[in-house]
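[1] the following block contains a protein sequence and its predicted model.
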Amino acid sequence: MITITLPDGAQKQYESGVTPMDVAMSISEGLARNVISASVNGTKVETVTPITEDAKVILYTWRDKAGKETFWHSSAHVLAQVLEHIYPGIKLTIGPAIENGFYYDVDMPEGEVISDTDFKNIENTFMEFARQKAEFKMKSVSKADALKLYKDAGNEFKVELIENLTDGDITFCDHSNFTDLCRGGHLPNTGFIKAVKIMNVAGAYWRGDENNKQLTRVYGISFPKDKELKEYLVMLEEAKKRDHRKLGKELELFAFSQRVGQGLPLWLPKGADLRKRLENFLQKQQVEAGYEMVITPHIGSKELYETSGHYAKYGKDSFQPIDTPSEGEEFLLKPMNCPHHCEIYKFKPRSYKDLPVRYAEFGTVYRYEQSGELHGLTRVRGFTQDDAHIFCRPDQVKEEFVKVVDLVLYVLKALHFEDFTAQISLRDPDNKEKYIGSDENWAKAEAAIIEVVAERDIETVTEYGEAAFYGPKLDFMVKDALGRSWQLGTVQVDYNLPERFELEYVGSDNAKHTPVMIHRAPFGSMERFVAVLLEHCAGKFPLWLTPDQVAILPVSDKYNDEAKKLSRLLKNYDLRALVDERSEKVGRKIRDTEVVKVPYMLILGEQEVASGKLSVRKQGEGDIGTFSIEEFAKLIQDDIAADLEVKE
């Protein structure tokens, strides 16, 4: 008999050779109908894979992230089969699952191209093959046989992949008449795939290296129900309307310039104003929570990042060192703020009575992203983090972590993100060489996060392998209005950087001790947060945040001066107003103001000037009546107060 341990800690005894499907069936027939793959001791396997020793088993369905990865990975196999069928002589390379769907990179035969006019044929052939319900079957292949297969086929791409694999660890996956190099983790059969859509075709360099051959990348997405595909396509159409790049241009928030450089956003006046309000909003909370603001340079010596471990981890793929006229002197564009904050902590001796020390900074950092990976404000090369680092004693970790979590929750709720999950991101236990620090420190850091989260009323998921290289973290995965998931705020417990920087404090025993470091960024980065917020609210920002709260619309040019006077009066109530002085009819002004999503409009004509009353329209609602200036100011102030009272 062997012992199977399930995710909730429950243990069951089974005969050796039991499969994940057998385990699912022993739990419930409903689970067995829905399970599509499994993990055994951290390795993705098929539902029919025999288990011959004690194991930790996780069963995946379509609802699980790992289940979707299995579904889309399997779909990539079917896509490869289809492309090979339609385009004889095609060379297959790699085809992974991605965040939404999958792709396959192929080297097309001479003279052949894939365009959007081919998508329907690819989809129809795909579903024809899927309906065959061909089983996915794994098999081991010797390195020699694997190399021979692809050398005979003239596929230099697969040959290159296999040459870097270890003999004895090479596996292929067969289904129907198709085989492909693969590590495993597939659906039981192709019949689980009920709907597919080819989304796009693009160029992609082999292995992401622009010095290599350019391949054709075919993107697709598949679902277990046709209804889910239709819902997804509707969501995509809505997403196009909410695209932050489109809205950012329409609302005049930010721009990009090829001359300035790819991935380097330019904040326009209204965008800078909005961003500054976000910073002030968070800074107010930070001051109340005992944070001290610091400022650090945009560059640092190479030695700084060698000490922190960032250079060894990211140096090869980041912006390269900056040389100076002094021989041997090298600097780097700052990729992270934490090393600088460690040096600020080290500025003077610390006592246990001084802790915790909390440093905060809106610090701009620079990380190289390939041009093909850049996307509006969500993937940039220069961005500003709402960064803070707390240096505390071990006995203070839990209390400080709780305070940080509360701050993140307040920020999310004040900005109308109500649907979120806290992802506990832990180290990959089977690949520890990716991380720095001792097992003891990692165990303490992971335990601290798990303990705090267990006491909070927050929905959580645990993901192995998603930790930072220096410590575990709690990532807040936020769902926007379209149901898309984004990683925004993050909190990390770190025992490693303080050791690397030899940080100390004198304890009550007069001995020197190493503090614990908590990394924290409620927004994540200002750029990404603004992008996600823009798409979440479709440009209709919370009233306290929006660049223009009020648009004053004179019915004719002769009331422009009165409108400017009213704008100045509203400033006395801390209200932001713009005046539309164009010589347009008021109906046109109203329509244009609706487009740029100004929350309130004040119509100003002879009647309003004579009565001293304001005719008020609300964006998306129309006329809401007449108000005195004091009544109108209170209306807005009450709306703002309701948004910002979520903390209580």
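    Nice, I can see it.
[2] run the chain-centre distance for stretch 132-140.
    Mean-position distance between stretch 132-140 and its chain equals 33 Å (Cα atoms, centre = their mean, to the nearest Å).
[3] ignore the last one, stretch 529-547
    Distance, stretch centre to chain centre, for stretch 529-547: 17 Å (Cα atoms, centre = their mean).
[4] stretch 58-74 too?
    19 Å.
[5] quick one: terminal-to-terminal distance for it?
    End-to-end distance for stretch 58-74, by Cα to Cα, to the nearest Å: 18 Å.
[6] check which residues of it are buried.
    58-62, 64, 66-74 (16 or more other Cβ atoms under 10 Å). (C-beta placed from N, C-alpha, C; glycine too.)
[7] could you do stretch 19-38 as well?
    Across stretch 19-38, burial judged by 16+ other Cβ under 10 Å covers Thr19, Pro20, Met21, Asp22, Val23, Ala24, Ala32, Asn34, Val35, Ile36, Ser37, Ala38.
[8] Throw those into a markdown table and include distance to Asp354 and secondary structure, thanks.
    Shown next, in a markdown table, are those (distance: Cβ to Cβ, whole Å; DSSP: H, G, I helix; E, B strand; the rest coil):
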| residue | distance to Asp354 | secondary structure |
| --- | --- | --- |
| Thr19 | 58 | coil |
| Pro20 | 53 | helix |
| Met21 | 58 | helix |
| Asp22 | 58 | helix |
| Val23 | 53 | helix |
| Ala24 | 55 | helix |
| Ala32 | 58 | helix |
| Asn34 | 55 | helix |
| Val35 | 54 | coil |
| Ile36 | 54 | coil |
| Ser37 | 51 | strand |
| Ala38 | 50 | strand |
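[9] got TSV for these, with pLDDT too?
    As requested, those are arranged in TSV below (pLDDT from 0 to 100):
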residue	pLDDT
Thr19	94
Pro20	94
Met21	94
Asp22	94
Val23	94
Ala24	93
Ala32	92
Asn34	92
Val35	94
Ile36	93
Ser37	93
Ala38	93
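[10] reformat the residues you listed into a markdown table and put distance to Met235 next to each item.
    Formatted as a markdown table, those follow (distance: Cβ to Cβ, whole Å):
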| residue | distance to Met235 |
| --- | --- |
| Thr19 | 36 |
| Pro20 | 32 |
| Met21 | 32 |
| Asp22 | 37 |
| Val23 | 34 |
| Ala24 | 30 |
| Ala32 | 30 |
| Asn34 | 23 |
| Val35 | 26 |
| Ile36 | 23 |
| Ser37 | 25 |
| Ala38 | 29 |
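[11] got the contact list for the helix or strand of the chain at the bottom of the mean pLDDT ranking?
    The helix or strand of the chain with the poorest confidence is helix 310-314; it has a mean of 80 (mean pLDDT, DSSP states H and E). Contacts to helix 310-314, defined as Cβ atoms under 8 Å, 6 or more residues apart in numbering, come from residues Lys302, Tyr305, Glu306, Leu332, Pro335, Met336, Pro339, Arg367, Phe469.
[12] kindly report the same for stretch 260-278.
    248, 251-257, 369, 371, 374, 377, 379-382, 523, 526-527, 529-530, 541, 544-548.
[13] and for stretch 103-117?
    Contacts for stretch 103-117 (Cβ under 8 Å, 6+ apart): 76, 79-80, 83, 87-96, 122, 157, 201, 204, 206, 213, 215-220.
[14] and stretch 142-155, by the same measure?
    Counting by Cβ under 8 Å, 6+ apart, 91-92, 141, 158-159, 162-163, 165-168, 170, 172, 181 sit against stretch 142-155.
[15] try stretch 570-584
    Here stretch 570-584 has contacts from 546-554, 557, 560, 563-564, 566-567, 589, 592-593, 598, 602, 629, 633, 636-637, using Cβ under 8 Å, 6+ apart.
[16] need the contacts of stretch 142-155 in a markdown table with pLDDT, can you?
    What follows is the contacts of stretch 142-155, written out as a markdown table (pLDDT from 0 to 100):
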| residue | pLDDT |
| --- | --- |
| Lys91 | 97 |
| Leu92 | 97 |
| Val141 | 94 |
| Lys158 | 96 |
| Val159 | 96 |
| Ile162 | 95 |
| Glu163 | 94 |
| Leu165 | 92 |
| Thr166 | 91 |
| Asp167 | 89 |
| Gly168 | 87 |
| Ile170 | 94 |
| Phe172 | 96 |
| Leu181 | 95 |
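[17] whichever of those end up buried, select them in PyMOL.
    With 16+ other Cβ under 10 Å as the criterion, this PyMOL line picks the buried residues out of these:
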select buried, resi 91+92+141+158+159+162+170+172+181
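[18] of the contacts of stretch 142-155, which is the nearest to Ile624?
    Taking Cβ to Cβ as the measure, Ile624 sits nearest to Leu92 out of the contacts of stretch 142-155, at 61.3 Å.
[19] quick check, central residue of this protein?
    Gln487 (3.7 Å; Cα atoms, centre = their mean).
[20] pretty sure it is touching Gly524, no?
    Yes: at 7.0 Å, Gln487 counts as touching Gly524 under the criterion of Cβ atoms under 8 Å.
[21] hey, what's the residue nearest to the centre of the chain bridged with?
    Met477 (DSSP bridges).
[22] let me know the secondary structure of Gln607.
    helix (DSSP: H, G, I helix; E, B strand; the rest coil).
[23] quick check: pLDDT value at it.
    What the model reports for Gln607 is a pLDDT of 91.
[24] Val532 should be in a helix, yeah?
    Yes: assessed with three-state DSSP, Val532 lies in a helix.
[25] please tell me how far Gly168 sits from Lys143.
    According to Cβ to Cβ, to the nearest Å, Gly168 and Lys143 sit 8 Å apart.
[26] cool, and Asp548?
    Taken as Cβ to Cβ, the span from Asp548 to Lys143 is 65 Å.
[27] higher neighbour count, those two?
    More neighbours surround Asp548 than the other of Asp548 and Lys143, with 18 against 15 (other Cβ atoms under 10 Å).
[28] so the more buried one, which state does it fall into?
    With three-state DSSP as the basis, Asp548 sits in coil.
[29] Val598 is in contact with that one, correct?
    Yes: if you go by Cβ under 8 Å, Asp548 and Val598 touch, sitting 4.9 Å apart.
[30] and the longest helix for this structure?
    Scanning the chain for the helix with the most residues, using DSSP state H, yields helix 65-86.
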